[in-house]
Structure formats: structure tokens, C-alpha cells
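K.L.:
Provide a 3D model corresponding to the input given below.
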Amino acid sequence: MKIFKAISFFSKTKIDSSVSKFSIPSTFLDNVPQDIQDKIQEIQKKIGFIPNIFLLLSRRPVECKAFVDYHDSLMTQTNSSITKSEKEMIVVATSGLNHCQYCVVAHGAILRIYEKNAVISDQISINYKKTDLSLRHKLILDFAVKVSKDSENMKEEDYELMYQNGFNEEDLWDIVNVSAFFAMSNRVANASFLKPNVEFFNMGRIKKIKEK
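P.N.:
Numbering: from 1, shown residues only. Predicted structure coming up:
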């Protein structure tokens, strides 16, 4: 009965088949594992739409589950001092350098909401060095950007600088893996011409005006 409800829920969802160069399955999400269906349904109820990344990944249900599970283990688990907001900063900064429109727009929306700051995502995605971010945040992004763009030239000194500034091994593990995961995600989104949902653009920017 639970599976029937999930399928019925998604079957009423209007799908834009032009969100990427790859076709979206006509049986949208029906074959995705139940826990992922539940998660996507929860997201849709919360924000009012289904992020297009799920439409793209639904064409390969097993890969969709692996992607979502790994994403969530990196972005929502607390295994270090790196906060959820700082992880989103990493995604926005590295995705900007990788020219990934989808990830900048989608994760920029999340970052604006976490930080309650309407402009921070634009600043970080264009040039985080020109922002008024703290030294901690700039060190995180410097390290993340090198992982994403120049990992073959990582040096012992890169790690030593971070240790000297209070970061530990688990912190650096998180920075490395978030940066590396989204370097992969950027390439998938870019190569597939994945379009950001238009709803993402205004999230965290426009404050609701209270009625007098």
C-alpha cells in the first residue's frame, strides 16, 4: 500500500522532460528504492517542487540510491567540526570554479537559507576571496578549491597550515570528500546540460512581507 501511495503521488507530478540532454523515464521515480521515494516526496512537500537532479538520476535507480546515500552521508552527518553551512560553502565555491550552474544555483539556495544571508552565495560562487568571510571559512575554501581543481599538487604544507589553524584530521577528511564528490557531481550536471529549477533562484532572497 505504501508503494502504491508513493507511485500515485509522483504520477500526478508535472515533469519537464527538457531538464537535461538525457531522457527522463516515463515511469518517473517508480523504480527508485522506497526510501529514496520517501525522501523525494518529503523534499517536494517541504519546498514545493522536486529538484531536477532527482529526475536525471531516476533513469538509473541503483545509481540514484548510491548517489543520494553518499550525498547525505557527506552533507548531513556530523563527523567533524565542519558544519552543514560550511559544507554548502564548499559546494558553492568549487561549483562556481567548475562553472556548474545547477550546483551553484541549487546549493546557493540552501546556503542562503542556512546563513540567512541573501547575497552570500553570489559572493562565494564568483570570488570568495573578495568576501568578508572569516579566516576559518577562507582557509576551508582555499583547501577545498585545491582539492577540486589541483589535487595532484596537494602538499604537506597544505595540511600543516590547516592543523596550525585548529583543524583536525576528521575536518580535513570532510573537506576533501565534499570537494571531491561535488567535482564529480559538477561534471555530471554540466555534461548532461542539467537545468536548475527556477524556484531555486529566489529561495533565501525574498522575505515575505507581513500583513499589517
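K.L.:
Now for the protein, the helix or strand with the poorest mean pLDDT.
P.N.:
The helix or strand of the chain with the poorest confidence is helix 2-11; it has a mean of 45 (mean pLDDT, DSSP states H and E).
K.L.:
care to break the chain down by domain?
P.N.:
For the chain, automatic domain parsing gives the domain ranges 31-77, 81-202.
K.L.:
now these as TSV including mean pLDDT and distance to Phe22?
P.N.:
Heads up, the C-betas are built off the backbone N, CA and C, glycines and all. Output for the domains of the chain, formatted as TSV (pLDDT from 0 to 100; distance: least, CB to CB, whole Å):
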stretch	mean pLDDT	distance to Phe22
domain 31-77	94	6
domain 81-202	97	5
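K.L.:
Buried deepest among the ones you listed, which one?
P.N.:
Each of the domains of the chain was scored by mean neighbour count; the highest is domain 81-202, a mean of 18, by mean count of other CB atoms under 10 Å.
K.L.:
With distance to Ile24 added, can I get the domains of the chain in a markdown table?
P.N.:
What follows is these, written out as a markdown table (distance: least, CB to CB, whole Å):
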| stretch | distance to Ile24 |
| --- | --- |
| domain 31-77 | 5 |
| domain 81-202 | 11 |
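K.L.:
what's the closest of those to Ser18?
P.N.:
With CB to CB as the criterion, Ser18 lies closest to domain 81-202 of the domains of the chain, at 7.5 Å.
K.L.:
what's the strand or helix carrying Ala66 packed up against?
P.N.:
Here Ala66 sits within helix 61-75, counting by DSSP states H and E. Helix 61-75 sits against helix 34-47, helix 52-57, helix 84-97, helix 169-191, with contacts defined as 3 or more CB pairs under 8 Å, 6 or more residues apart in numbering; DSSP states H and E.
K.L.:
Out of the ones you listed, flag the one nearest Met162.
P.N.:
Once the helices and strands packed on helix 61-75 are compared by CB to CB, helix 169-191 is nearest, at 5.9 Å.
K.L.:
mind saving the C-alpha coords of that closest one as PDB?
P.N.:
Provided in PDB are the C-alpha atoms of helix 169-191 (Å, rounded to 0.1, in the frame of the first residue of the first chain):
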ATOM      1  CA  GLU A 169      42.100  15.000  10.500                       C
ATOM      2  CA  GLU A 170      38.300  14.500  10.500                       C
ATOM      3  CA  ASP A 171      37.700  18.100   9.500                       C
ATOM      4  CA  LEU A 172      40.100  17.700   6.500                       C
ATOM      5  CA  TRP A 173      38.600  14.300   5.600                       C
ATOM      6  CA  ASP A 174      35.200  16.100   5.300                       C
ATOM      7  CA  ILE A 175      36.600  18.900   3.200                       C
ATOM      8  CA  VAL A 176      38.400  16.500   0.900                       C
ATOM      9  CA  ASN A 177      35.400  14.300   0.300                       C
ATOM     10  CA  VAL A 178      32.700  17.000  -0.100                       C
ATOM     11  CA  SER A 179      35.000  18.700  -2.600                       C
ATOM     12  CA  ALA A 180      35.700  15.500  -4.500                       C
ATOM     13  CA  PHE A 181      32.100  14.400  -4.500                       C
ATOM     14  CA  PHE A 182      30.900  17.600  -6.000                       C
ATOM     15  CA  ALA A 183      33.700  17.800  -8.500                       C
ATOM     16  CA  MET A 184      32.100  14.600  -9.800                       C
ATOM     17  CA  SER A 185      28.600  16.000  -9.500                       C
ATOM     18  CA  ASN A 186      29.600  19.200 -11.300                       C
ATOM     19  CA  ARG A 187      30.800  17.100 -14.300                       C
ATOM     20  CA  VAL A 188      27.600  15.100 -14.500                       C
ATOM     21  CA  ALA A 189      25.400  18.100 -14.300                       C
ATOM     22  CA  ASN A 190      27.500  20.100 -16.800                       C
ATOM     23  CA  ALA A 191      27.800  17.200 -19.300                       C
END
